[in-house]
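Participant: turn this into a model:
(one chain, ligands or ions: 1)
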Amino acid sequence: MFIKKSKEFDSLVLRDHNKQDKSFDDEVDSILEKSLKGGEVTEKEGVVLFNLDNNLIHKVFNAADKLRARSNGDRVTFVVNRNINFTNVCYMGCKFCGFAKKMDQKGSELLSIDEVVLRAQEAWDRGATEVCIQGGLHPKISGDIYRDIILAIKKILPDMHIHAFSPFEIWFGSSKKKMTYVEFLRDLKECGLGSMPGTAAEILDINIRKRLTKDKLSTEQWIEIIKTAHQLKIPTSATIMYGHIDTPAHWSMHLVKLREIQKETGGFTELVPLSFVYKDSPLYIENRSRVRRGPTLDEVKRMHAIARIMLNGWINNIQVSWTKLGPQVAQEMLNLGVNDLGGTLMNESISRSAGSEFGQEITASEMVKIIRHAGKIPMQRNTVYGVKKNFENCEPKDVPPLVPRNGKSPLEFIS
Ligand code: SF4
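Facilitator: Next up is the predicted model:
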(Lines give C-alpha, C1' and ligand atoms only; values in the text may rest on other atoms or scores of the structure.)
Protein backbone atom coordinates (compact mmCIF):
# COMPACT_ATOMS: atom_id res chain seq x y z
CA MET A 1 0.00 0.00 0.00
CA PHE A 2 2.81 2.43 0.81
CA ILE A 3 5.67 3.68 -1.32
CA LYS A 4 8.58 1.25 -1.41
CA LYS A 5 11.78 2.86 -0.23
CA SER A 6 15.41 1.79 -0.46
CA LYS A 7 16.81 -1.03 1.70
CA GLU A 8 18.90 1.45 3.64
CA PHE A 9 15.79 3.53 4.34
CA ASP A 10 13.82 0.51 5.50
CA SER A 11 16.52 -0.62 7.89
CA LEU A 12 16.66 2.80 9.46
CA VAL A 13 12.90 3.06 9.75
CA LEU A 14 12.34 -0.44 11.01
CA ARG A 15 15.17 -0.41 13.48
CA ASP A 16 14.21 -1.81 16.87
CA HIS A 17 14.25 1.33 18.95
CA ASN A 18 13.74 -0.63 22.15
CA LYS A 19 17.30 -1.80 21.83
CA GLN A 20 18.78 1.64 21.77
CA ASP A 21 22.47 1.92 22.23
CA LYS A 22 25.01 4.65 22.58
CA SER A 23 25.58 4.92 18.86
CA PHE A 24 21.88 5.41 18.26
CA ASP A 25 21.71 8.14 20.94
CA ASP A 26 24.69 9.78 19.25
CA GLU A 27 22.93 9.57 15.90
CA VAL A 28 19.87 11.33 17.33
CA ASP A 29 22.05 13.97 18.98
CA SER A 30 23.89 14.62 15.77
CA ILE A 31 20.63 15.05 13.79
CA LEU A 32 19.39 17.58 16.34
CA GLU A 33 22.74 19.38 16.63
CA LYS A 34 22.84 19.69 12.87
CA SER A 35 19.39 21.26 12.84
CA LEU A 36 20.32 23.66 15.66
CA LYS A 37 23.30 24.75 13.56
CA GLY A 38 21.00 25.48 10.63
CA GLY A 39 21.55 22.20 8.79
CA GLU A 40 18.79 20.32 7.03
CA VAL A 41 17.17 17.20 8.48
CA THR A 42 16.76 14.64 5.68
CA GLU A 43 13.69 12.51 4.98
CA LYS A 44 15.37 9.45 6.55
CA GLU A 45 16.38 11.43 9.62
CA GLY A 46 12.85 12.80 9.92
CA VAL A 47 11.55 9.23 10.14
CA VAL A 48 14.08 8.47 12.86
CA LEU A 49 12.81 11.45 14.86
CA PHE A 50 9.14 10.52 14.39
CA ASN A 51 9.87 6.95 15.55
CA LEU A 52 11.93 7.82 18.61
CA ASP A 53 11.14 6.09 21.88
CA ASN A 54 9.59 8.13 24.64
CA ASN A 55 12.82 8.25 26.63
CA LEU A 56 14.50 10.27 23.87
CA ILE A 57 11.68 12.37 22.49
CA HIS A 58 12.27 15.19 24.99
CA LYS A 59 15.45 15.98 23.01
CA VAL A 60 13.31 16.63 19.93
CA PHE A 61 10.90 18.81 21.89
CA ASN A 62 13.77 20.84 23.36
CA ALA A 63 15.36 21.38 19.95
CA ALA A 64 12.01 22.44 18.46
CA ASP A 65 11.43 24.90 21.28
CA LYS A 66 14.92 26.37 20.82
CA LEU A 67 14.39 26.81 17.08
CA ARG A 68 10.98 28.40 17.71
CA ALA A 69 12.53 30.85 20.19
CA ARG A 70 15.31 31.70 17.74
CA SER A 71 13.05 32.49 14.83
CA ASN A 72 10.01 33.92 16.62
CA GLY A 73 11.16 34.89 20.12
CA ASP A 74 8.36 34.65 22.66
CA ARG A 75 5.84 36.22 20.32
CA VAL A 76 2.75 34.15 19.58
CA THR A 77 0.43 35.46 16.91
CA PHE A 78 -3.21 35.12 15.90
CA VAL A 79 -5.39 36.66 13.22
CA VAL A 80 -8.90 38.05 13.66
CA ASN A 81 -10.85 36.44 10.86
CA ARG A 82 -14.10 34.77 9.88
CA ASN A 83 -14.60 31.47 8.13
CA ILE A 84 -17.24 31.52 5.43
CA ASN A 85 -18.07 28.15 3.90
CA PHE A 86 -20.32 29.26 1.06
CA THR A 87 -21.50 25.75 0.21
CA ASN A 88 -21.22 22.34 1.80
CA VAL A 89 -22.52 20.59 -1.31
CA CYS A 90 -19.84 18.45 -2.93
CA TYR A 91 -19.76 15.32 -5.05
CA MET A 92 -16.04 14.59 -4.91
CA GLY A 93 -16.59 11.92 -2.29
CA CYS A 94 -13.32 12.34 -0.36
CA LYS A 95 -13.38 9.53 2.16
CA PHE A 96 -12.01 11.55 5.08
CA CYS A 97 -14.58 14.32 4.68
CA GLY A 98 -17.48 14.70 7.08
CA PHE A 99 -18.40 18.13 5.73
CA ALA A 100 -19.80 17.44 2.25
CA LYS A 101 -23.51 16.89 1.58
CA LYS A 102 -25.50 15.96 -1.49
CA MET A 103 -27.76 18.64 -2.97
CA ASP A 104 -31.01 17.20 -1.63
CA GLN A 105 -29.58 16.16 1.73
CA LYS A 106 -30.82 17.74 4.95
CA GLY A 107 -28.52 20.56 6.01
CA SER A 108 -27.09 21.19 2.54
CA GLU A 109 -26.62 24.85 1.70
CA LEU A 110 -25.37 27.24 -0.91
CA LEU A 111 -25.11 30.83 0.31
CA SER A 112 -26.03 33.65 -2.02
CA ILE A 113 -23.27 36.11 -2.80
CA ASP A 114 -25.25 38.75 -0.89
CA GLU A 115 -25.17 36.50 2.19
CA VAL A 116 -21.39 35.99 1.82
CA VAL A 117 -20.92 39.77 1.62
CA LEU A 118 -23.18 40.31 4.63
CA ARG A 119 -21.08 37.88 6.67
CA ALA A 120 -17.87 39.60 5.55
CA GLN A 121 -19.30 42.98 6.56
CA GLU A 122 -20.34 41.58 9.96
CA ALA A 123 -16.80 40.24 10.42
CA TRP A 124 -15.26 43.59 9.47
CA ASP A 125 -17.50 45.36 11.99
CA ARG A 126 -16.19 42.95 14.65
CA GLY A 127 -12.55 43.74 13.86
CA ALA A 128 -11.71 41.03 11.33
CA THR A 129 -8.92 41.72 8.86
CA GLU A 130 -9.46 38.51 6.89
CA VAL A 131 -12.21 36.32 5.57
CA CYS A 132 -11.28 32.70 4.90
CA ILE A 133 -13.61 31.38 2.21
CA GLN A 134 -13.84 27.77 1.08
CA GLY A 135 -16.63 25.59 -0.17
CA GLY A 136 -17.49 22.20 -1.59
CA LEU A 137 -17.33 21.49 -5.31
CA HIS A 138 -21.03 22.05 -5.98
CA PRO A 139 -21.88 20.58 -9.40
CA LYS A 140 -24.34 23.37 -10.23
CA ILE A 141 -22.15 26.39 -9.48
CA SER A 142 -20.57 28.37 -12.27
CA GLY A 143 -16.80 28.71 -12.54
CA ASP A 144 -17.44 32.45 -12.17
CA ILE A 145 -18.59 32.14 -8.57
CA TYR A 146 -15.03 32.44 -7.27
CA ARG A 147 -14.35 35.78 -8.96
CA ASP A 148 -17.89 37.01 -8.24
CA ILE A 149 -17.46 36.41 -4.50
CA ILE A 150 -14.14 38.27 -4.43
CA LEU A 151 -15.44 41.21 -6.46
CA ALA A 152 -18.59 41.54 -4.36
CA ILE A 153 -16.64 41.63 -1.07
CA LYS A 154 -13.96 43.99 -2.39
CA LYS A 155 -16.65 46.38 -3.65
CA ILE A 156 -17.80 47.16 -0.14
CA LEU A 157 -14.73 46.15 1.89
CA PRO A 158 -11.67 47.05 -0.21
CA ASP A 159 -9.27 46.54 2.71
CA MET A 160 -10.52 43.12 3.76
CA HIS A 161 -7.93 40.42 3.02
CA ILE A 162 -9.49 37.57 1.11
CA HIS A 163 -7.85 34.24 1.93
CA ALA A 164 -9.78 31.86 -0.22
CA PHE A 165 -10.23 28.72 -2.29
CA SER A 166 -8.31 25.50 -1.83
CA PRO A 167 -6.27 23.98 -4.68
CA PHE A 168 -9.22 21.59 -5.18
CA GLU A 169 -11.52 24.57 -5.82
CA ILE A 170 -8.94 26.10 -8.18
CA TRP A 171 -8.79 22.80 -10.08
CA PHE A 172 -12.60 22.70 -10.21
CA GLY A 173 -13.16 26.36 -11.13
CA SER A 174 -10.46 26.42 -13.80
CA SER A 175 -11.81 23.26 -15.44
CA LYS A 176 -15.36 24.71 -15.43
CA LYS A 177 -14.05 27.86 -17.08
CA LYS A 178 -11.75 25.91 -19.40
CA MET A 179 -8.85 28.05 -18.27
CA THR A 180 -5.32 27.07 -17.31
CA TYR A 181 -4.40 27.35 -13.64
CA VAL A 182 -2.29 30.38 -14.39
CA GLU A 183 -5.11 32.15 -16.27
CA PHE A 184 -7.66 31.32 -13.59
CA LEU A 185 -5.46 32.34 -10.67
CA ARG A 186 -4.26 35.51 -12.38
CA ASP A 187 -7.87 36.55 -12.87
CA LEU A 188 -8.70 35.85 -9.20
CA LYS A 189 -5.68 37.87 -8.13
CA GLU A 190 -6.76 40.78 -10.31
CA CYS A 191 -10.21 40.58 -8.71
CA GLY A 192 -8.59 40.90 -5.26
CA LEU A 193 -7.63 37.45 -4.00
CA GLY A 194 -5.00 38.01 -1.30
CA SER A 195 -3.86 34.49 -0.45
CA MET A 196 -4.98 30.87 -0.55
CA PRO A 197 -5.35 28.11 2.01
CA GLY A 198 -2.99 25.24 1.17
CA THR A 199 -5.62 22.71 2.14
CA ALA A 200 -6.43 19.56 0.14
CA ALA A 201 -2.78 18.50 0.52
CA GLU A 202 -3.72 15.68 2.93
CA ILE A 203 -0.63 13.47 2.42
CA LEU A 204 1.24 14.09 -0.82
CA ASP A 205 1.59 10.41 -1.70
CA ILE A 206 -0.20 8.71 -4.57
CA ASN A 207 -1.26 5.56 -2.68
CA ILE A 208 -2.63 7.45 0.29
CA ARG A 209 -4.40 9.97 -1.93
CA LYS A 210 -5.99 7.16 -3.94
CA ARG A 211 -7.65 5.94 -0.78
CA LEU A 212 -8.51 9.36 0.61
CA THR A 213 -9.66 11.23 -2.48
CA LYS A 214 -9.55 8.63 -5.27
CA ASP A 215 -6.58 10.74 -6.41
CA LYS A 216 -8.96 13.19 -8.11
CA LEU A 217 -6.60 15.98 -7.27
CA SER A 218 -3.21 14.31 -7.63
CA THR A 219 -0.04 15.22 -5.78
CA GLU A 220 1.34 16.67 -9.02
CA GLN A 221 -1.78 18.81 -9.57
CA TRP A 222 -1.73 20.08 -5.96
CA ILE A 223 1.92 21.05 -6.32
CA GLU A 224 1.38 22.64 -9.72
CA ILE A 225 -1.51 24.79 -8.46
CA ILE A 226 0.42 25.83 -5.35
CA LYS A 227 3.55 26.69 -7.33
CA THR A 228 1.49 28.61 -9.88
CA ALA A 229 -0.10 30.63 -7.08
CA HIS A 230 3.31 31.38 -5.57
CA GLN A 231 4.72 32.39 -8.95
CA LEU A 232 1.82 34.85 -9.30
CA LYS A 233 2.70 36.20 -5.82
CA ILE A 234 -0.36 34.67 -4.20
CA PRO A 235 0.97 33.31 -0.92
CA THR A 236 -0.55 30.15 0.54
CA SER A 237 -0.47 28.22 3.76
CA ALA A 238 0.78 24.61 3.77
CA THR A 239 -1.01 21.74 5.49
CA ILE A 240 -0.67 18.08 6.32
CA MET A 241 -3.64 15.93 7.41
CA TYR A 242 -2.41 13.00 9.47
CA GLY A 243 -3.53 10.19 11.73
CA HIS A 244 -5.64 8.02 9.37
CA ILE A 245 -3.97 5.41 7.11
CA ASP A 246 -0.61 7.13 7.04
CA THR A 247 2.72 6.43 8.75
CA PRO A 248 5.70 8.49 9.98
CA ALA A 249 7.44 7.74 6.67
CA HIS A 250 4.67 9.63 4.88
CA TRP A 251 4.89 12.54 7.31
CA SER A 252 8.60 12.97 6.77
CA MET A 253 8.25 12.66 2.99
CA HIS A 254 5.41 15.23 3.00
CA LEU A 255 7.40 17.76 5.04
CA VAL A 256 10.40 17.39 2.72
CA LYS A 257 8.13 17.96 -0.32
CA LEU A 258 6.81 21.17 1.25
CA ARG A 259 10.36 22.29 2.04
CA GLU A 260 11.44 21.68 -1.56
CA ILE A 261 8.52 23.74 -2.88
CA GLN A 262 9.39 26.52 -0.48
CA LYS A 263 13.01 26.56 -1.65
CA GLU A 264 11.76 27.09 -5.17
CA THR A 265 9.00 29.64 -4.56
CA GLY A 266 9.15 31.07 -1.03
CA GLY A 267 5.36 31.32 -1.16
CA PHE A 268 4.28 29.40 1.96
CA THR A 269 3.35 31.58 4.92
CA GLU A 270 3.03 28.80 7.49
CA LEU A 271 2.50 25.09 8.05
CA VAL A 272 -0.74 24.01 9.72
CA PRO A 273 -0.78 20.35 10.82
CA LEU A 274 -4.39 19.11 10.70
CA SER A 275 -5.36 16.10 12.79
CA PHE A 276 -7.73 13.72 11.06
CA VAL A 277 -11.19 14.01 12.67
CA TYR A 278 -12.57 10.52 12.32
CA LYS A 279 -16.06 10.56 13.84
CA ASP A 280 -18.30 11.26 10.85
CA SER A 281 -15.83 10.46 8.08
CA PRO A 282 -16.76 7.67 5.63
CA LEU A 283 -13.11 6.56 5.73
CA TYR A 284 -13.45 5.53 9.36
CA ILE A 285 -17.10 4.47 9.30
CA GLU A 286 -16.53 2.07 6.38
CA ASN A 287 -13.35 0.52 7.74
CA ARG A 288 -13.20 0.90 11.49
CA SER A 289 -10.58 -1.77 12.03
CA ARG A 290 -8.02 -0.35 9.58
CA VAL A 291 -8.41 3.38 9.94
CA ARG A 292 -7.03 5.24 12.93
CA ARG A 293 -9.10 7.61 15.01
CA GLY A 294 -6.80 10.54 14.34
CA PRO A 295 -3.32 10.99 15.76
CA THR A 296 -2.59 10.34 19.43
CA LEU A 297 -1.62 13.29 21.62
CA ASP A 298 1.96 12.04 21.51
CA GLU A 299 1.89 12.08 17.69
CA VAL A 300 0.37 15.56 17.70
CA LYS A 301 3.31 16.77 19.81
CA ARG A 302 5.83 15.03 17.56
CA MET A 303 4.25 16.45 14.41
CA HIS A 304 4.40 20.06 15.57
CA ALA A 305 7.92 19.74 16.97
CA ILE A 306 9.41 17.82 14.04
CA ALA A 307 7.72 20.12 11.51
CA ARG A 308 9.50 23.01 13.24
CA ILE A 309 12.81 21.16 13.01
CA MET A 310 12.45 19.95 9.42
CA LEU A 311 11.14 23.24 8.04
CA ASN A 312 13.54 25.41 10.03
CA GLY A 313 14.82 28.31 7.97
CA TRP A 314 12.28 27.72 5.22
CA ILE A 315 8.84 27.86 6.82
CA ASN A 316 9.28 29.61 10.14
CA ASN A 317 5.63 29.84 11.17
CA ILE A 318 4.12 26.69 12.62
CA GLN A 319 0.43 27.10 13.38
CA VAL A 320 -1.63 24.90 15.66
CA SER A 321 -5.26 24.25 14.74
CA TRP A 322 -7.32 24.85 17.89
CA THR A 323 -10.46 23.70 16.06
CA LYS A 324 -8.99 20.22 15.75
CA LEU A 325 -7.23 19.98 19.10
CA GLY A 326 -9.07 22.34 21.44
CA PRO A 327 -7.57 25.38 23.14
CA GLN A 328 -5.85 23.50 25.96
CA VAL A 329 -3.82 21.18 23.72
CA ALA A 330 -3.22 24.07 21.32
CA GLN A 331 -1.71 26.02 24.20
CA GLU A 332 0.57 23.09 25.05
CA MET A 333 1.98 23.18 21.52
CA LEU A 334 3.31 26.70 22.14
CA ASN A 335 6.23 25.06 23.99
CA LEU A 336 6.82 22.47 21.27
CA GLY A 337 7.71 24.59 18.28
CA VAL A 338 4.43 26.39 17.55
CA ASN A 339 4.32 30.20 17.27
CA ASP A 340 0.82 30.82 15.91
CA LEU A 341 -2.70 30.09 17.16
CA GLY A 342 -4.42 30.67 13.83
CA GLY A 343 -7.68 32.56 13.48
CA THR A 344 -10.53 33.56 15.74
CA LEU A 345 -12.77 32.09 12.96
CA MET A 346 -16.20 33.27 14.25
CA ASN A 347 -17.94 30.47 12.29
CA GLU A 348 -16.18 27.13 12.04
CA SER A 349 -18.05 24.41 10.23
CA ILE A 350 -15.61 22.06 8.49
CA SER A 351 -14.09 20.46 11.60
CA ARG A 352 -17.39 20.59 13.51
CA SER A 353 -19.20 18.80 10.67
CA ALA A 354 -16.62 16.01 10.85
CA GLY A 355 -17.24 15.60 14.58
CA SER A 356 -14.79 18.02 16.24
CA GLU A 357 -16.16 19.42 19.48
CA PHE A 358 -14.16 22.56 19.99
CA GLY A 359 -16.62 25.32 19.18
CA GLN A 360 -16.77 27.97 16.54
CA GLU A 361 -14.76 30.89 17.84
CA ILE A 362 -12.03 31.97 20.19
CA THR A 363 -12.30 35.73 20.52
CA ALA A 364 -9.27 38.03 20.40
CA SER A 365 -9.46 38.57 24.20
CA GLU A 366 -9.47 34.82 24.74
CA MET A 367 -6.54 34.31 22.34
CA VAL A 368 -4.57 36.88 24.33
CA LYS A 369 -5.38 35.11 27.62
CA ILE A 370 -4.36 31.68 26.27
CA ILE A 371 -1.05 33.06 24.97
CA ARG A 372 -0.24 34.98 28.16
CA HIS A 373 -1.09 31.97 30.29
CA ALA A 374 1.59 30.05 28.34
CA GLY A 375 4.12 32.75 29.27
CA LYS A 376 4.29 34.20 25.76
CA ILE A 377 3.64 37.63 24.23
CA PRO A 378 0.34 37.89 22.32
CA MET A 379 0.32 39.69 18.99
CA GLN A 380 -2.45 40.19 16.49
CA ARG A 381 -1.14 39.70 12.95
CA ASN A 382 -2.46 40.06 9.44
CA THR A 383 -2.80 37.07 7.12
CA VAL A 384 0.80 37.21 5.90
CA TYR A 385 2.31 37.56 9.37
CA GLY A 386 2.73 41.34 9.55
CA VAL A 387 2.20 42.47 13.17
CA LYS A 388 -0.92 44.55 13.64
CA LYS A 389 -0.97 44.97 17.40
CA ASN A 390 1.22 43.95 20.32
CA PHE A 391 -0.91 42.98 23.32
CA GLU A 392 1.95 42.58 25.78
CA ASN A 393 0.67 45.46 27.90
CA CYS A 394 -2.84 46.13 26.67
CA GLU A 395 -6.10 44.34 25.97
CA PRO A 396 -8.03 43.85 22.75
CA LYS A 397 -11.53 45.28 22.54
CA ASP A 398 -13.83 42.80 24.24
CA VAL A 399 -16.22 41.57 21.57
CA PRO A 400 -18.63 38.79 22.58
CA PRO A 401 -18.66 35.63 20.45
CA LEU A 402 -20.72 35.88 17.29
CA VAL A 403 -22.65 32.71 18.12
CA PRO A 404 -23.71 32.57 21.79
CA ARG A 405 -22.12 29.65 23.68
CA ASN A 406 -24.74 29.00 26.32
CA GLY A 407 -22.32 29.64 29.16
CA LYS A 408 -19.51 27.32 27.96
CA SER A 409 -16.11 29.01 27.80
CA PRO A 410 -13.10 27.75 25.82
CA LEU A 411 -10.97 29.03 28.70
CA GLU A 412 -12.31 26.73 31.40
CA PHE A 413 -8.94 24.98 31.56
CA ILE A 414 -7.21 28.21 32.58
CA SER A 415 -9.47 29.30 35.43
S1 SF4 B 1 -12.79 17.44 1.18
FE2 SF4 B 1 -13.54 19.10 -0.11
S3 SF4 B 1 -13.49 18.26 -2.19
FE4 SF4 B 1 -13.40 16.49 -0.79
S5 SF4 B 1 -15.55 15.86 -0.48
FE6 SF4 B 1 -15.05 17.29 1.19
S7 SF4 B 1 -15.72 19.29 0.44
FE8 SF4 B 1 -15.56 17.91 -1.35
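
Participant: any idea how many residues pack against Lys66?
Facilitator: Close neighbours of Lys66, defined as other Cβ atoms under 10 Å, add up to 16. Quick note: C-beta positions are derived from backbone N, CA and C, even for glycine.

Participant: phi and psi next, for it.
Facilitator: Main-chain dihedrals, Lys66, degrees, to the nearest 10: phi -60, psi -40.

Participant: contacting residues for the residue nearest to it when sequence neighbours are not counted?
Facilitator: Of all residues not flanking Lys66 in the chain, Leu36 sits nearest, at 6.3 Å (Cβ to Cβ, 6 or more residues apart in numbering). With contacts defined as Cβ atoms under 8 Å, 6 or more residues apart in numbering, the neighbours of Leu36 are 63, 66-67.

Participant: cool, Asp114 as well?
Facilitator: With contact set as Cβ under 8 Å, 6+ apart, Asp114 has these partners: Ala152.

Participant: one more time with 6 Å
Facilitator: Residues in contact with Asp114 (Cβ atoms under 6 Å, 6 or more residues apart in numbering): none are found.

Participant: confirm it sits in a helix?
Facilitator: Yes. Counting by DSSP: H, G, I helix; E, B strand; the rest coil, Asp114 is part of a helix.

Participant: residues of this protein that sit close to the ligand?
Facilitator: 90, 92-94, 97, 99-100, 136-137, 168 (Cβ under 6 Å from any ligand atom).

Participant: if we only consider the contacts of Leu36, which is nearest to the ligand?
Facilitator: Nearest to the ligand among the contacts of Leu36, counting by Cβ to the nearest ligand atom, is Leu67 at 31.9 Å.

Participant: what about the closest one, how many neighbours?
Facilitator: 23.

Participant: try Pro404
Facilitator: 8.

Participant: show me the shaky parts of this protein.
Facilitator: The chain contains residues with pLDDT under 70 at 1-20, 352, 415.

Participant: residue nearest the centroid of it?
Facilitator: Nearest residue to the geometric centre of the chain (Cα atoms, centre = their mean): Val272, 3.0 Å.

Participant: list the beta-bridge partners for the nearest residue to that one once chain neighbours are set aside.
Facilitator: The spatial neighbour of Val272 that comes closest, neighbours along the chain excluded (Cβ to Cβ, 6+ apart), is Gln319 at 4.5 Å. Beta-bridge partners for Gln319, by DSSP bridges, are Asp340.

Participant: cool, and Val272?
Facilitator: Listed by DSSP bridges, the beta-bridge partners for Val272 are Thr239.

Participant: from the ligand, how far out is it?
Facilitator: To the ligand, Val272 is 15 Å away according to Cβ to the nearest ligand atom, to the nearest Å.

Participant: next one: Leu151
Facilitator: The value you get for Leu151 to the ligand, if Cβ to the nearest ligand atom is used, is 23 Å.

Participant: now do the contacts for the residue nearest to the centre of the chain.
Facilitator: For Val272, the contacting residues are 237, 239, 319, 321, by Cβ under 6 Å, 6+ apart.

Participant: rebuild the residues of the chain next to the ligand as CSV, extending it with distance to Thr228.
Facilitator: Listed next are these as CSV, based on distance: Cβ to Cβ, whole Å:
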residue, distance to Thr228
Cys90, 23
Met92, 21
Gly93, 26
Cys94, 22
Cys97, 24
Phe99, 26
Ala100, 25
Gly136, 22
Leu137, 19
Phe168, 14
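
Participant: which of these tops the neighbour count?
Facilitator: When neighbours are counted by other Cβ under 10 Å, Gly136 leads the residues of the chain next to the ligand with 26 neighbours.

Participant: make sure that one is actually in contact with Asn88.
Facilitator: Yes. Taking Cβ atoms under 6 Å as the definition, Gly136 is a contact partner of Asn88 at 5.4 Å.

Participant: ranges for the strands of the chain?
Facilitator: 75-79, 81-85, 130-134, 161-164, 236-242, 268-275, 340-343, 377-381, 387-390 (DSSP state E).

Participant: what does the fifth one contact?
Facilitator: Read it as strand 236-242. Under Cβ under 6 Å, 6+ apart, the answer for strand 236-242 is 196-199, 201-202, 226, 229, 251, 254, 258, 268-274, 276, 295.

Participant: any of those residues buried? List them.
Facilitator: For these, a burial check counting by 16 or more other Cβ atoms under 10 Å picks out 196-199, 201-202, 226, 229, 251, 254, 258, 268-274, 276, 295.

Participant: what's the closest non-adjacent residue to the residue of the stretch 101-250 of the chain found nearest the ligand?
Facilitator: Residue of the stretch 101-250 of the chain nearest the ligand, by Cβ to the nearest ligand atom: Gly136 (3.9 Å). Distances taken as Cβ to Cβ, 6+ apart put Cys90 closest to Gly136, at 2.8 Å, once the chain neighbours are dropped.

Participant: pretty sure that neighbour sits against Ala100.
Facilitator: Yes. Cys90 is within contact range of Ala100, at 3.7 Å (criterion: Cβ under 6 Å).

Participant: return every residue with contacts to both of the two.
Facilitator: Gly136.

Participant: returning to what we had before: which of the contacts of Val272 are buried?
Facilitator: 237, 239, 319, 321.

Participant: gap between the last one and Val277?
Facilitator: It refers to Ser321. 10 Å (Cβ to Cβ, to the nearest Å).

Participant: try Tyr284
Facilitator: Using Cβ to Cβ, one obtains 9 Å as the distance from Tyr284 to Val277.

Participant: who's more crowded, these two?
Facilitator: Counted by other Cβ under 10 Å, Tyr284 and Val277 do not tie: Val277 has more neighbours, with 28 against 24.

Participant: what about the spatially closest residue to the more buried one that is not a sequence neighbour, how many neighbours?
Facilitator: Excluding the flanking residues, the one nearest Val277 by Cβ to Cβ, 6+ apart is Ala354, at 4.1 Å. Here the count is done by other Cβ under 10 Å, and Ala354 has 20 residues near it.
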